[in-house]
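Enquirer: Fold the following and give me the result.
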Amino acid sequence: MPSQNTLRRHAALVDRMASARGVDLEEAVMRGQLAVDALPDMVLRCTGCANPEGCEGFLAEREALGADHTAPDTPYYCRNAGVFDDLGRR
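Expert: This is a model prediction of the structure:
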């Protein structure tokens, strides 16, 4: 099981990636587009990523552009790309 610090780091990465894609995870859950139990699964998948530093760099670049500049795609190495891509199309 990943450490508490690792889980926190990756929970933040999942949340930031959702924001970068223009996805509100809480709203997606409330609308029934995402199951509540999918969120912990997303964080655990993220902890298995081989490139969290690349993700942090990608997210820092997106955040520097401001909230009006959502990323059109999720990085290829993101283990949650399918989820973000699916929610981003809705």
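
Enquirer: now residue 75, nearest residue through space, not along the chain?
Expert: Once flanking residues are discounted, residue 75 sits nearest to residue 58: 5.4 Å by CB to CB, 6 or more residues apart in numbering. No exception for glycine: its C-beta is placed from N, CA and C like everyone else's.

Enquirer: what's the spacing between the strand or helix carrying that neighbour and its chain's center?
Expert: Applying DSSP states H and E as the criterion places residue 58 in helix 52-65. Chain-centre distance of helix 52-65: 11 Å, with CA atoms, centre = their mean, to the nearest Å.

Enquirer: Kindly export that helix (C-alpha atoms) in PDB.
Expert: Provided in PDB are the C-alpha atoms of helix 52-65 (Å, rounded to 0.1, in the frame of the first residue of the first chain):
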ATOM      1  CA  PRO A  52       4.800  12.000 -11.800                       C
ATOM      2  CA  GLU A  53       7.500  14.600 -12.300                       C
ATOM      3  CA  GLY A  54       6.500  14.900 -15.900                       C
ATOM      4  CA  CYS A  55       2.900  15.200 -14.900                       C
ATOM      5  CA  GLU A  56       3.700  18.000 -12.400                       C
ATOM      6  CA  GLY A  57       5.600  19.900 -15.100                       C
ATOM      7  CA  PHE A  58       2.700  19.500 -17.500                       C
ATOM      8  CA  LEU A  59       0.300  20.700 -14.900                       C
ATOM      9  CA  ALA A  60       2.500  23.700 -13.900                       C
ATOM     10  CA  GLU A  61       2.600  24.800 -17.500                       C
ATOM     11  CA  ARG A  62      -1.200  24.500 -17.800                       C
ATOM     12  CA  GLU A  63      -1.800  26.400 -14.600                       C
ATOM     13  CA  ALA A  64       0.600  29.200 -15.700                       C
ATOM     14  CA  LEU A  65      -1.700  29.700 -18.700                       C
END
